[in-house]
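Asks: structure, please.
(one chain, ligands or ions: 1)
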Amino acid sequence: MFSNISLTLQLLPILALTTLLTRLTWSYLRLRHIPGPFIASLTDLWRLIDVWRRDAHNTHIHLHAKYGDVVRIGPNTVLVSRPDIVQDVYGISKGFVKSEFYHVWQNIVNGKRAASLVFTTDEAEHAKMKRPIASAYSLSTLVEFEPLIDSTTAVFLSRLDEVFANTGKVCDLGTWLQWYAFDVIGELTLSQRLGFLEQAKDVRGIIASVAANFDRCSVLGQMPWLDLWTYKNPLYLHFLAKPVSNPILLFGQKLLQDRLNDLEPPPSTLQVQDPTLCTKILHGTLPSKPDFLSRFLHLHAEQPDIVTDRALLTYLFMNINAGSDTIASTLRAILYYLLKTPTSLSTLHHELSTAARKGHLTLPLPSWTESRTLPYLNAVITESLRLNPALGLPLERIVPATGLHLGQIYIPPGTVVGVNPWAHHRNAEIFGPDAADWRPERWIEASPEQVKYMEGNLLTFGAGKRTCLGRNIAMLELTKLVPALVMRYEMELEDPRREWRVVNSFAVRQEGLDVLIKKR
Ligand code: HEM
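Replies: Numbering: from 1, shown residues only. Here you go, the predicted model:
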């Protein structure tokens, strides 16, 4: 009896080793026809370390240059960049669903998962959540949001005047743009700036907490089972985790409660000198709260079973989370590329001042109808969205039962495939031999067919069913703020030779946009 047990105990390690080797061999052989770094074909640890270094977008650009348009970056994960891939993988009826990478980002509320629209991988749940709110984000509602954007822009400009233009101090514009983006999304969602611009600081440490969350989830997302052993471990959730731990959710919960209790947001404490900006800031002049929360509350009253209390909170979280860092990253990129390329900046300034002289651009706060028709402005924005997509990791999807045929290469069902927008947008086959360079003119010089083709290959806002719901809002914000800044200030980089630092935690945040600002 004892000798049997001891024999079994001796055999156990051999059995475990054999199982491990069989699994490794099987997973290696499955995709052995796809080139890539050898270690990556054996373990996801390779890509986890790569993402942890915060430079995965550059790794992916180099991998495509070395191995071609289809590269194996994990035992079961493939990176792709080739014409038509956006349609093939993200197309509406193609049946590719989001991978487990997205599970890691799901919040836990009272011990249960509360996936927002961005992070749910269940298509039926996604459709159910999206249906009631989609119209609030449509093109036709955009103009209703304009006053809310204008009021924050007015605060932003007056703060830049006061703190930098009037003093000659160096402005860490990257940080101020992030504060702006957070305050705008607060205005759009709750008719309430979150106070970043007014207080010139990271209110309640929210931005730092959001960054920490991105840092953690982007890494764990490479080996999602690690998340189940750590932050979503049932023991941890039961005994240690708070009922709501995400700082944005907590903040959203408080603001939602204030609104339900009918508490007005505190009045602005700013002393705004510029009378043209001042009138825009007063909330009393705005129409009656056309913000997202009013729309969600209306839906809640109409369909309480679908738009539940919990869903309301998730919608709020979704807006603040998806619509702040992404906008900040894009605004920084637009300003960085413009300031690094003075010819582009002067071409843009020329276009804007000509429009203003003809009475086609209202200053200090241009309207959407005016700025959306300006060709160079729009080329500048599109080129920045191309070179600096705000999400810098592959948008992972699972290959459905049909498999995926990429020319001679077959990718079997169950494989995780993803296109990294940073790498794809530098694909010379699509964007031309100068694809790696900043050149807004490409969008003006190309034929309408070529523009359509290039646009079809942009993945900045995702694609297909899971395309960005806030895209119109984002374009509204970008198209209004950039001309307002360029027309009000002469700006230059403090050190034009210095490169910025790009930190990739899925959301791409850039550091080192130090700028000297003078009023024109
Ligand atoms: C320049 C700014 C923005 C960029 C680059 C951006 C990018 C993206 C991308 C790439 C996705 C798809 C992610 C994936 O497939 O995994 C996405 C989804 C989403 N975005 Fe944005 N976004 C921006 C602004 C916004 C804003 C302002 C909002 C809200 C007001 C927003 C709300 C959403 C939502 C709700 C989804 C999920 C859509 C769905 O799955 O149905 N985004 N965004």
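
Asks: which non-adjacent residue is nearest the residue most central in space within the chain?
Replies: Taking Cα atoms, centre = their mean, the centroid of the chain lies closest to residue 326, which sits 3.7 Å from it. Among residues not flanking residue 326 along the chain, residue 390 sits closest, at 4.0 Å (Cβ to Cβ, 6 or more residues apart in numbering). Heads up, the C-betas are built off the backbone N, CA and C, glycines and all.

Asks: per-residue pLDDT, that neighbour?
Replies: For residue 390, the pLDDT comes out at 98.

Asks: confirm for me that it is in contact with residue 331.
Replies: No - if you go by Cβ atoms under 8 Å, residue 390 and residue 331 don't touch, sitting 9.8 Å apart.

Asks: now the host helix or strand of residue 348: average pLDDT?
Replies: Assigned by DSSP states H and E, residue 348 belongs to helix 342-357. Across helix 342-357, pLDDT averages out at 98.

Asks: before we move on, what about stretch 375-382?
Replies: 98.

Asks: what's in contact with that stretch?
Replies: Residues outside stretch 375-382 that contact it (Cβ atoms under 8 Å, 6 or more residues apart in numbering): 334, 337-338, 344, 347-348, 351-352, 371-372, 440-444, 455, 458, 475, 478-479, 482-483.

Asks: stretch 93-104 now?
Replies: Contacts of stretch 93-104 (Cβ under 8 Å, 6+ apart): 87-90, 115, 118-121, 123, 217, 220-222, 224, 227, 396-402, 416-418, 464, 466.

Asks: now that stretch: buried residues?
Replies: For stretch 93-104, the neighbour count (16 or more other Cβ atoms under 10 Å) marks 94, 96, 97, 98, 99, 100, 101, 102, 103, 104 as buried.

Asks: just the CA trace of the helix holding residue 348, in PDB.
Replies: The C-alpha trace of helix 342-357 is given here as PDB (Å, rounded to 0.1, in the frame of the first residue of the first chain):
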ATOM      1  CA  PRO A 342       6.600  74.900 -38.400                       C
ATOM      2  CA  THR A 343       5.600  74.700 -42.100                       C
ATOM      3  CA  SER A 344       2.400  72.700 -41.200                       C
ATOM      4  CA  LEU A 345       1.700  75.200 -38.300                       C
ATOM      5  CA  SER A 346       2.000  78.200 -40.600                       C
ATOM      6  CA  THR A 347      -0.100  76.600 -43.400                       C
ATOM      7  CA  LEU A 348      -2.800  75.800 -40.800                       C
ATOM      8  CA  HIS A 349      -2.600  79.300 -39.300                       C
ATOM      9  CA  HIS A 350      -2.900  80.800 -42.800                       C
ATOM     10  CA  GLU A 351      -6.000  78.700 -43.600                       C
ATOM     11  CA  LEU A 352      -7.700  79.700 -40.300                       C
ATOM     12  CA  SER A 353      -6.900  83.400 -40.500                       C
ATOM     13  CA  THR A 354      -8.200  83.500 -44.100                       C
ATOM     14  CA  ALA A 355     -11.400  81.900 -43.000                       C
ATOM     15  CA  ALA A 356     -11.700  84.300 -40.000                       C
ATOM     16  CA  ARG A 357     -11.000  87.400 -42.200                       C
END
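
Asks: show me what that helix is packed up against.
Replies: helix 325-340, helix 375-387, helix 471-488 (3 or more Cβ pairs under 8 Å, 6 or more residues apart in numbering; DSSP states H and E).

Asks: secondary structure element holding the closest residue to residue 274 other than its chain neighbours?
Replies: Leaving aside its chain neighbours, residue 274 sits nearest to residue 158 (5.9 Å; criterion: Cβ to Cβ, 6+ apart). Element membership of residue 158, judged by DSSP H and E, is helix 142-160.

Asks: mind giving me the packing neighbours of that helix?
Replies: helix 173-190, helix 196-199, helix 275-281, helix 368-371, helix 471-488.
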